[in-house]
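> can't give you the sequence, but here's the structure:
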């Protein structure tokens, strides 16, 4: 019973973090049909910026996170309008954008290395202490992470369903030509989607850095995990990404407890391959839903 509770707690925390990590990827792919291979480095940059504002500038945690996400939103907007928008005019724009974003990831990795150095860094925990109740053992910081992720999903869902920009993104994701007919500016919607995806990705990096650690190279590992989760859930499906994140989160907790952390990636890829053999489109393949 104690082991089961431990798996449920660990899997819920990991699944929550993986779920919020994949939202940025899903938003970009669901609207633009572009997989952002710089995703992991954008996440880690959000973490490093928050660490800088928090520890070097002396700003409080909420303000540090807010400024970091705002900076990354502007970064995503500029990146799309100055580079990706032009690349998308090319007949083979998808391949060109993929290689460009891989290059952006490499530039970010080396920039982070030069500015922040190679040493491991982490964001301080939001809360100290531990909750103990029966077999349940969980840090208050982990409880805060779960609550923050839930609130973040509520906010993102509201933005997508209740705001004009969010409805534009959903319309473009469902039918680009139809969206143009009713007067939606597709290029602006692409830019908003990429910028929002960048900001959400940066926010996920803050949460991951508060749970684990940061180095200039760890972003690639986050990118690999994000790719597996998004592909497993169904490219473009937010709900599919969430389900896949929790499946793999609980798998990770189970494998780590009974075997070793070394077997986590092999187990992930076995599940990934089996499900894709049965459902090549993923669990919930489709556009943003």
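Arrived safely, thanks for sending. Worth saying up front: this structure is predicted, and the values here are computed from it rather than measured. Residues are numbered from 1 along each chain as shown.

> off-centre distance for the lengthiest helix in the chain?
Using DSSP state H to define each element, the chain has its longest helix at helix 2-32. Distance of helix 2-32 from the chain centroid (C-alpha atoms, centre = their mean, to the nearest Å) equals 9 Å.

> next structured bit after it?
For helix 2-32, the succeeding helix or strand toward the C-terminus, using DSSP states H and E, is helix 39-51.

> tell me what angle that next one forms with helix 2-32.
Orientation check (axes from the mean of the first three to the mean of the last three C-alpha atoms, to 10 degrees): helix 39-51 against helix 2-32 gives 110 degrees.

> for helix 39-51, name the packing helices and strands.
Contact partners of helix 39-51 among helices and strands, from 3 or more C-beta pairs under 8 Å, 6 or more residues apart in numbering; DSSP states H and E: helix 2-32, helix 61-79, helix 93-116, helix 186-211, helix 218-233. Where you see a C-beta, it was placed from the backbone N, CA and C, and this is true even at glycine.

> circling back: buried sites along the longest helix of the chain?
6-7, 9-32 (16 or more other C-beta atoms under 10 Å).

> ok, now stretch 227-244?
Under 16+ other C-beta under 10 Å, the buried positions of stretch 227-244 are 227-238, 240-244.

> and if you look at stretch 87-95?
Here stretch 87-95 shows 87-88, 93 as buried, counting by 16+ other C-beta under 10 Å.

> just the mean pLDDT for that stretch, thanks.
Stretch 87-95 comes out with an average pLDDT of 86.

> cool, and stretch 264-284?
pLDDT averaged over stretch 264-284 gives 83.

> ok so, going back, let's have the helices and strands packed on helix 39-51 in TSV, adding distance to residue 133.
Output for the helices and strands packed on helix 39-51, formatted as TSV (distance: least, C-beta to C-beta, whole Å):
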stretch	distance to residue 133
helix 2-32	10
helix 61-79	27
helix 93-116	39
helix 186-211	21
helix 218-233	30
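
> about what we covered before: who are the packing partners of the longest helix of the chain?
Looks like helix 2-32 contacts helix 39-51, strand 136-139, helix 140-162, helix 164-174, helix 186-211, helix 218-233, helix 238-258 (3+ C-beta pairs under 8 Å, 6+ apart).

> let's see that with 6 Å instead.
helix 140-162, helix 164-174, helix 186-211, helix 218-233, helix 238-258 (3 or more C-beta pairs under 6 Å, 6 or more residues apart in numbering; DSSP states H and E).

> just want the angle from it to helix 218-233.
Using the same axes, to 10 degrees: helix 2-32 against helix 218-233 is 80 degrees.

> could you check the angle helix 93-116 makes with helix 2-32?
Using the same axes, to 10 degrees: helix 2-32 against helix 93-116 is 120 degrees.

> for the stretch 151-289 of the chain, which spans come out with low pLDDT?
285-289 (pLDDT under 70).

> what score does the residue located most distally from the centre of the chain have for pLDDT?
Relative to the average C-alpha location in the chain, and by C-alpha atoms, centre = their mean, no residue lies farther out than residue 134, which sits at 33.3 Å. Listed pLDDT for residue 134 reads 71.
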